[in-house]
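S.K.: next come a sequence and a model predicted from it.
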Amino acid sequence: MIRQIYISLISLVVLLSLSAIETRGEVPTISGRFSKDSIEVGDHVEYIIDIETDRAVNIGVPDFRKARTPKEVDELAKKKRSMSTYEEYNEDIFEFIEESELDTIKVDGRRLHLRKRYTLAAMETGALPMIPALIYFDKNREIPDTLYGRDTLYLNVQSYMELDTTLFLKADPTAEQGIGVDSEMAQSLLKDEGIFTQKNLPFKFAEIRDYAIYGVIILIILALVVWLVTMAVIAHRKRGGKEIKPQPKLPPHVIAIKALEELKHRKLWQNNKHKLYYSSITSILKVYIEDRWHVSVLDKTSNEVIAELREVDIPRDSRSDLIAILQTADFVKFAKAIPEAEENEACYTRAYYFVENTKQVEQHNKEKREITIETKINE
């Protein structure tokens, strides 16, 4: 009788243990990725979290929308020193834009495959880190636990000065447009924090999976276009057609005015990108100055640019406008000043008229012979 009681007790303990294991659920798994490897500062990027979890486990995903007062920010900073939670995201480098609902991708028995998408804006430059994380707890626990992904994600964010090709332009009389590319400067700037850093990051097929089909279609279309152009050129040569002459290079002022007009349409300072706005204006003017007066200023400071132009014949008002533009740009880029809207417009106007008032005008022969009916008859 006693033996039967022991057997019953043991059986009850085993059943309770199995029941606890069944209802407790398994620890979820998590992985994250960015939709792009590299973006420009201020651009949007999609941050995606993939979760595999048991039905019995409750999970909480990161909340980027939570607004905090300065006092709450200080309290959270103190809290982070003693306890790690899923709220450990640097809100100064990422700005929340929008998010999608937690989506169920696949159901496999008790296992759920979930996906959460966020749209964020990168507000700083460099290799910005992001650790995929969530909180979870099952029925038998009151205190949640934090789960982190295995890999730290890095998003390479570059400033306009590092990504924009105008930084690498220099006057080149042999180029079609009168401007060439300083390859040594491009290699030097991109090697430190730019494209070359991607070689050190692990490749993930998921980063390009969504674009693979479109890439194949684009390659097919490009191959077809190249083939059609090649066949057209061959047919033209067989017919003894004339050789296509390259277009003459544009004057420096035409290139500069076009660049300034494109800059105006980008509405940078209207979107609080003041540093990018003033960096663009100074880059355009430096390229114009190099091509117009054949002086090297692309890699020089504002004071050095002014010194280089000391012996150049420039109208006094135009020289004053250039100095004002360079000084304002330095305040914005290095002192983080934020000019008023009128000052931003005035800087653009000064740049425009600096180019207009200093452009090189072709000298036409004013002593042309007047053509009349009599001269035609004599000829």
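M.R.: Yes, it's here.
S.K.: these two touch, right, Asp321 and Tyr352?
M.R.: No - applying C-beta atoms under 8 Å as the test, Asp321 and Tyr352 come out as separate, 9.7 Å apart. In short, each C-beta sits where N, CA and C put it, glycine included.
S.K.: can you pull the pLDDT of Ala351?
M.R.: You'll see Ala351 listed with a pLDDT of 93.
S.K.: how many residues are close by it?
M.R.: Ala351 has 25 neighbouring residues, counting by other C-beta atoms under 10 Å.
S.K.: pretty sure it is in a strand, no?
M.R.: No - read with DSSP: H, G, I helix; E, B strand; the rest coil, Ala351 is helix and lies in no strand.
S.K.: tell me the contacts of it?
M.R.: Applying C-beta atoms under 8 Å, 6 or more residues apart in numbering to Ala351 gives the contacts Leu260, Ile281, Ile284, Leu285, Asp321, Ile325.
S.K.: picking up where we left off before, looking at Asp321 and Tyr352, which has the bigger crowd around it?
M.R.: For Asp321 versus Tyr352, neighbours defined as other C-beta under 10 Å are more numerous around Asp321 (22 against 17).
S.K.: is it true that that one lies in a helix?
M.R.: Yes - applying three-state DSSP, one finds Asp321 inside a helix.
S.K.: now it: closest residue in space, sequence neighbours ignored.
M.R.: Nearest non-adjacent residue to Asp321, counting by C-beta to C-beta, 6 or more residues apart in numbering: Arg350, 4.0 Å away.
S.K.: could you measure from the one you found over to Val312?
M.R.: 18 Å (C-beta to C-beta, to the nearest Å).
S.K.: and the protein, what are its domains?
M.R.: Here the domain parsing of the chain from automatic domain parsing is 26-158, 160-358.
S.K.: now, which of the contacts of Ala351 sits nearest Ala133?
M.R.: Ile281 (41.8 Å; C-beta to C-beta).
S.K.: what helices or strands is the helix or strand containing that closest one leaning on?
M.R.: Assessed by DSSP states H and E, Ile281 sits inside helix 274-293. In terms of contacts (3 or more C-beta pairs under 8 Å, 6 or more residues apart in numbering; DSSP states H and E), helix 274-293 is packed against helix 160-163, strand 169-171, helix 252-266, helix 302-308, helix 316-334, helix 341-358.
S.K.: same list, the ones you listed, but as a markdown table with distance to Trp293 please.
M.R.: Below are those laid out as a markdown table (distance: least, C-beta to C-beta, whole Å):
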| stretch | distance to Trp293 |
| --- | --- |
| helix 160-163 | 23 |
| strand 169-171 | 9 |
| helix 252-266 | 9 |
| helix 302-308 | 9 |
| helix 316-334 | 12 |
| helix 341-358 | 9 |
